[in-house]
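Undergrad: Just need the structure, nothing else, for what follows:
(one chain, ligands or ions: 1)
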Amino acid sequence: MSFELRYKDLGGRVGRLETRHGPIETPTLFPVINPFKTGLTLEEIKNAGFNAVITNAYIIWRRLGGRASDVHRLLGFEGPVMTDSGAYQILQYGDVEVGPGEIVEFQRRLGSDIAVILDIPTRLNADRSEAELGVHETIRRARMLEKREGDPLWVGPIQGGRFLDLVRLSAREMSKLGFDIYAVGSPTGLMEAYDFSTVLKMVLVARKVIGPEKPLHLFGAGHPMFIPFMAAVGVDLADSASYAIYASEGRYMTPHGTYRVDELAELPCSCPICSRYTARELRSLRGQERFRALALHNLYVLASELKRVRQSIMEGSLWELLEERSRVHPSLYNAFKVLKDEVRYLERYDPVRGPQVQGIFFYGDPVRPETLRHLERMVRRYPVWDDTTHVIFMPAPKEKPYSLSRVSRYLESFIRRLGLTGRVQVFFLGGPFIIVPYEISEFYPLSQHEGEAWSKALAIKTLRKLVRGLLGERRIVVIYNDLLRGVVRVFRGRGVVKIAIGSFREDDEYVEKLAAIEPVLREALLGYM
Ligand SMILES: [Zn+2]
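TA: Coordinates of the predicted model:
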């Protein structure tokens with residue numbers, strides 16, 4: 001199997017998955033097709049921007065049984081086809097008539113490009129013991145699979161639902177079995193309840209266990225609002241019938257939420273459908289015509305959101321997109337909080353080069369891709385938490401990583417004594433990376449570098465932009481040494497306090513200087529409360 005990762009941003013990735021019927025650009029979504037129902041044509045689906053689809057092997061098995069042959073011929077579609085095994089029907093009806101071995105064999109006969117073993121999905125309201133049974137039965141069935149020459153790409157479903165320890169267990173056992181693709185199962189109910197946070201937590205648990213290499217699929221997650229969020233935690237593939245289900249209920253998708261078509265005075269979209277019809281005309285359509293128009297519009301919206309996400313990952317602006325989308329709906333705001341809590345993990349997978357690479361050597365000039373990339377990120381999307389009331393800028397300690405230095409130990413205890421733990425964010429100034437947030441200072445390459453380098457010009461430029469975003473109701477305290485003397489002028493405005501400490505050679509001396517200014521520092525921090 002070939003899956004190539006091309007770009008990364010946060011936990012999100014742009015990649016390319018090779019299948020026997022051509023490549024799939026990820027992240028993407030497979031529209032669900034029912035081969036026996038007249039919906040949209042495959043041509044229309046392709047034109048909307050989808051070159052791969054998913055259909056249900058179980059439905060084909062029930063209808064055609066032994067008469068079935070190649071699924072591409074059946075659908076009249078030459079692109080990649082994924083087949084699901086009937087797990088969705090288990091979720092809906094409790095059981096299916098086909099055995100796990102039988103449906104595996106049947107998918108081989110269909111010539112599916114991507115196929116799924118018959119897993120036991122965890123229902124939304126399943127209690128723990130039911131979820132546990134499903135997880136173990138899915139693992140047992142997964143172990144029965146014997147891969148053969150010419151097989152489809154096999155998908156290993158990870159179950160457990162909202163029981164995250166079961167998701168972890170499931171992911172761990174499945175990942176030992178060498179599936180081509182992993183999938184997080186049964187979020188459909190959670191998606192319908194707009195419980196995006198739980199879905200993200202499930203995906204994060206699974207992704208952490210299986211690691212970054214394998215593609216990860218998310219079953220039944222097809223709302224445009226959620227696409228940037230699921231991509232940010234490393235979902236590469238998803239499938240959804242939502243475009244059609246919503247259409248049959250007269251619902252019109254947008255990246256900012258769903259509308260009933262009857263309540264729209266304007267069509268806030270420029271897809272071919274919305275360009276052809278006015279809102280009034282769209283409302284007046286009936287039956288199949290109305291369904292088709294809405295389904296097609298919904299698909300265009302999904303496709304354009306996928307494109308937007310891929311572009312954001314390529315240019316490194318996914319965080320901004322998430323921030324923007326998080327204001328669309330309270331559930332997305334909560335989902336964004338899940339990501340903020342995971343920023344350490346996301347940053348770790350973010351870098352172009354991993355921590356296995358040796359440290360960076362600096363010879364005087366700090367301007368190089370790693371530093372510029374870091375500074376750009378600092379300015380464009382470094383998170384300042386909502387509950388941060390104080391920001392401290394201070395000279396970088398000599399000892400690396402900065403957060404483990406004795407200067408940091410001193411500072412932590414000082415902040416604790418003031419009762420401000422969790423409300424202060426600290427940025428270290430100095431060194432080739434110019435500005436290093438305390439909480440990520442141990443990550444590559446912020447502490448894995450040698451040599452001194454500093455650029456006053458770069459520092460001023462970056463800080464000016466950063467400080468602008470920090471002001472507001474926050475107090476900013478700047479502790480500066482002689483090196484930073486020429487830089488501190490960028491800190492100005494209400495709520496800014498600057499404290500000079502001269503120069504120091506070693507961290508012990510630095511701590512002594514900090515101890516000496518404690519009363520002033522205390523006043524600066526607490527005086528604001
Ligand atoms: Zn449209």
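
Undergrad: The residue of the stretch 301-450 of the chain found nearest the ion sits in which helix or strand?
TA: Using CB to the ion, the single residue of the stretch 301-450 of the chain nearest to the ion is residue 301, 6.3 Å away. C-betas here are computed from N, CA, C, even on glycine. Per DSSP states H and E: residue 301 is located in helix 287-315.

Undergrad: do residue 519 as well
TA: Here residue 519 is assigned to helix 518-526, by DSSP H and E.

Undergrad: ditto for residue 6
TA: Using DSSP H and E, residue 6 sits within strand 3-9.

Undergrad: buried stuff in that strand?
TA: 3, 7, 8, 9 (16 or more other CB atoms under 10 Å).

Undergrad: where exactly do the strands run in the stretch 51-200 of the chain?
TA: Taking DSSP state E, counting those that start in this stretch, the strands of the stretch 51-200 of the chain run over residues 53-56, 81-84, 114-116, 153-158, 181-184.

Undergrad: Ok, which of those comes nearest residue 273?
TA: strand 53-56 (19.5 Å; CB to CB).

Undergrad: what is the rounded mean pLDDT of the closest one?
TA: Mean pLDDT, computed over strand 53-56, is 96.

Undergrad: ok, residue 165 - how many residues close by?
TA: Look at residue 165: counted by other CB atoms under 10 Å, it has 11 neighbours.

Undergrad: right, I mislabeled it, should have said residue 150
TA: 8.

Undergrad: what does residue 287 give?
TA: Neighbour tally, residue 287, other CB under 10 Å: 7.

Undergrad: Next one: the residue of the stretch 301-450 of the chain closest to the ion relative to residue 480, how far apart?
TA: 50 Å (CB to CB, to the nearest Å).

Undergrad: which residue sits closest to residue 456, ignoring its sequence neighbours?
TA: In space, and not counting its chain neighbours, residue 456 is closest to residue 486: 5.5 Å by CB to CB, 6 or more residues apart in numbering.

Undergrad: now swap in residue 512 and tell me
TA: Here the residue nearest residue 512, using CB to CB, 6+ apart, is residue 504, at 7.9 Å.

Undergrad: Which parts of the stretch 251-400 of the chain are helices?
TA: 272-276, 279-284, 287-315, 318-325, 330-341, 343-349, 369-381 (DSSP state H, counting those that start in this stretch).

Undergrad: Which one of those has the poorest average confidence?
TA: Looking at the helices of the stretch 251-400 of the chain, the weakest mean confidence is helix 343-349, a mean of 68.

Undergrad: picking that back up, may I see the buried residues of the helix holding residue 301?
TA: Residues of helix 287-315 classed as buried by neighbour count (16+ other CB under 10 Å): 290-306, 308-310, 312-313.

Undergrad: Equivalent analysis for stretch 483-500, please.
TA: In stretch 483-500, counting by 16+ other CB under 10 Å, buried: 484, 487, 488, 490, 491, 496, 497, 498, 499.

Undergrad: ok, the first one touching residue 431?
TA: No - in this structure, residue 484 is not within contact of residue 431 by CB atoms under 8 Å, at 11.7 Å.

Undergrad: does residue 487 really touch residue 478, like I thought?
TA: No - contact criterion CB under 8 Å: residue 487 and residue 478 do not qualify, at 9.2 Å.

Undergrad: residue contacts, the residue nearest to the spatial centre of the chain?
TA: Computing the C-alpha centroid of the chain and ranking residues by CA atoms, centre = their mean puts residue 232 first, at 1.4 Å. Residues counted as contacts of residue 232 (CB atoms under 8 Å, 6 or more residues apart in numbering) are 10, 11, 12, 318, 322, 339, 346.

Undergrad: From the ion, how far off is it?
TA: To the ion, residue 232 is 25 Å away according to CB to the ion, to the nearest Å.

Undergrad: Please export the C-alpha coordinates of stretch 209-226 as CSV.
TA: Backbone C-alpha positions of stretch 209-226 (Å, rounded to 0.1, in the frame of the first residue of the first chain) are rendered in CSV as follows:
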residue,chain,number,x,y,z
VAL,A,209,-2.0,4.8,19.3
ILE,A,210,-1.7,4.0,15.6
GLY,A,211,0.9,6.8,15.0
PRO,A,212,1.0,9.1,12.1
GLU,A,213,1.9,6.8,9.2
LYS,A,214,-1.4,5.0,8.4
PRO,A,215,-4.4,6.6,6.9
LEU,A,216,-7.3,7.1,9.3
HIS,A,217,-10.9,6.9,8.3
LEU,A,218,-13.9,8.3,10.3
PHE,A,219,-17.2,6.6,9.6
GLY,A,220,-20.3,8.7,9.1
ALA,A,221,-18.9,12.1,9.6
GLY,A,222,-20.1,14.2,6.8
HIS,A,223,-21.0,17.7,8.1
PRO,A,224,-19.1,20.5,6.4
MET,A,225,-18.9,22.3,9.8
PHE,A,226,-16.9,19.5,11.2
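
Undergrad: Just give me how far that stretch sits from the chain centre.
TA: In terms of CA atoms, centre = their mean, to the nearest Å, the centre of stretch 209-226 is found 9 Å from the chain centre.

Undergrad: my guess is residue 11 meets residue 236, correct?
TA: No - in this structure, residue 11 is not within contact of residue 236 by CB under 8 Å, at 10.8 Å.

Undergrad: The residue nearest to residue 512 - how many residues pack around it?
TA: Using other CB under 10 Å: residue 504 sits among 19 other residues.

Undergrad: dump the residue contacts of it.
TA: 395, 481, 510, 512, 513.

Undergrad: In terms of distance to the ion, which of those ranks first?
TA: residue 395 (54.2 Å).

Undergrad: bridging residues for the closest one?
TA: Beta bridges link residue 395 to residue 429 when assigned by DSSP bridges.
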